[in-house]
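Visitor: Here is a sequence together with a model predicted from it:
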Amino acid sequence: MAKRSKGTRFVLANKYFWIGLAFLAAIGLGLYLVLNNVLMPSYTRQGLTVTVPDVRNKSYEEAARVLAAHDLKAERIVERFNPRLARDIVYEQTPEPNVTVKPGRHVFVTVNSGQALMVTVPRVGDLSLREAENRLKAVGLKVEDLLPDTIPSPYPNTITRQDPMPGDSLPQGAGVRLWYSTGLGQTYVQVPDLIGMSVRDASQRLLDLKLRPVVVGETEEQAALDEQEVRRQSREPGTEIRAGSEVRIFTEEAEEVDIPPILEQQEQGLGF
């Protein structure tokens, strides 16, 4: 213990020890200052910001050059079609213009593809007005015209017809014409005898009388269904019903389908 104490006192009394220790401390402090004030700020660019320029309505190449001049990087995202702009013109950007960001940030730009995407027209019949509009908007279409149907229908404010028909193709952004129900008519008409007629002729006969045909058949192909023969109808010939009431026509012998009570009340004038 005595020897160790003497050795410790010798080291602590040695000026070269303190000089070396101070030298190491100075080196450590210098490295810390360089790392904290030079290397880290240059790596993280702490305290540096740039303002995002407006590159909309510029070509993608020009937008990329402008962003690079501001120490930003352009990144093209999914192209969309905008009929009001030329091909490859930027019409959306994220972040938006005049936003403050760090240098080196990616700016996502959407450019015009120059060619409209084709989408399939969905079926919106029997939907509410709002739901039909949302269904079209979901596939990139819009309501071009919304018109009251001249033929009454049991369910007010629901879509009764559309043009183009479901399954047709339209350019994205195109419009679809819709007709909606204003409710049942106030006049009464007699149900005609449809047995033996083709589905097409029977449907047209009902429409001429301002009645709504509802076709029940095995095939979903409209052309084939139109040529089939009506084997049964849900309303007896000669029955008087309100204009706009539904008449089901069947292409096969099937069990009778009951008419919903609420529909019967509407047709009798009790649901208003």
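Guide: Noted; the coordinates are in hand.

Visitor: domain ranges for this protein?
Guide: In terms of domains, the chain is parsed into 50-111, 119-180, 188-267 (source: automatic domain parsing).

Visitor: tell me the helices in the stretch 151-272 of the chain, going along the chain?
Guide: According to DSSP state H, counting those that start in this stretch, the stretch 151-272 of the chain carries its helices in the segments 199-208, 222-227, 261-267.

Visitor: If you average pLDDT over each of these, which is lowest?
Guide: Of all the helices of the stretch 151-272 of the chain, helix 261-267 carries the lowest average pLDDT, namely a mean of 50.

Visitor: Redo the domains of the chain as TSV? Include distance to residue 25 and mean neighbour count.
Guide: In this view, the C-beta of every residue, glycine as well, is placed from N, C-alpha and C. Below are the domains of the chain laid out as TSV (distance: least, CB to CB, whole Å; neighbours: other CB atoms under 10 Å):
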stretch	distance to residue 25	mean neighbour count
domain 50-111	35	15
domain 119-180	68	16
domain 188-267	87	16
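
Visitor: Out of those domains, flag the one nearest residue 22.
Guide: domain 50-111 (39.3 Å; CB to CB).

Visitor: Run the chain-centre distance for that closest one.
Guide: Relative to its chain's centre, domain 50-111 lies at 23 Å (CA atoms, centre = their mean, to the nearest Å).

Visitor: ends of that domain, how far apart?
Guide: Domain 50-111 has an end-to-end distance of 23 Å (CA to CA, to the nearest Å).

Visitor: Stretch 235-251 too?
Guide: 15 Å.

Visitor: What mean pLDDT does stretch 20-38 get?
Guide: So the average pLDDT for stretch 20-38 ends up being 71.

Visitor: For residue 107, name its beta-bridge partners.
Guide: residue 74 (DSSP bridges).

Visitor: Show me what stretch 125-136 is in contact with.
Guide: Contact with stretch 125-136 is made by 122, 124, 142-143, 146, 155, 157-162, 166, 176, 178, 180, as judged by CB atoms under 8 Å, 6 or more residues apart in numbering.

Visitor: distance of the most centrally placed residue in the chain from residue 177?
Guide: Centroid-nearest residue in the chain: residue 138, 3.5 Å away (criterion: CA atoms, centre = their mean). Residue 138 sits 18 Å away from residue 177, going by CB to CB, to the nearest Å.

Visitor: got any ranges where the stretch 151-272 of the chain has weak pLDDT?
Guide: 218-223, 253-272 (pLDDT under 70).

Visitor: switch the cut-off to 90
Guide: Across the stretch 151-272 of the chain, the ranges flagged by pLDDT under 90 are 151-155, 171-174, 186, 215-228, 251-272.

Visitor: how about the strands in it?
Guide: 159-163, 169-171, 175-180, 188-190, 212-216, 232-233, 240-242, 246-250 (DSSP state E, counting those that start in this stretch).

Visitor: Adding distance to residue 74, write the ones you listed out as TSV.
Guide: Converted to TSV, the strands of the stretch 151-272 of the chain look like this (distance: least, CB to CB, whole Å):
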stretch	distance to residue 74
strand 159-163	41
strand 169-171	28
strand 175-180	33
strand 188-190	66
strand 212-216	55
strand 232-233	65
strand 240-242	63
strand 246-250	58
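
Visitor: who's in contact with stretch 172-182?
Guide: Residues outside stretch 172-182 that contact it (CB under 8 Å, 6+ apart) are 81, 83, 116-119, 121, 124, 129, 132, 136, 139-149, 152-164, 170, 244.

Visitor: quick one: residue 61 is in a strand?
Guide: No: going by DSSP: H, G, I helix; E, B strand; the rest coil, the assignment for residue 61 is helix, not a strand.

Visitor: distance of it from residue 52?
Guide: Distance check for residue 61 against residue 52: by CB to CB, it reads 18 Å.
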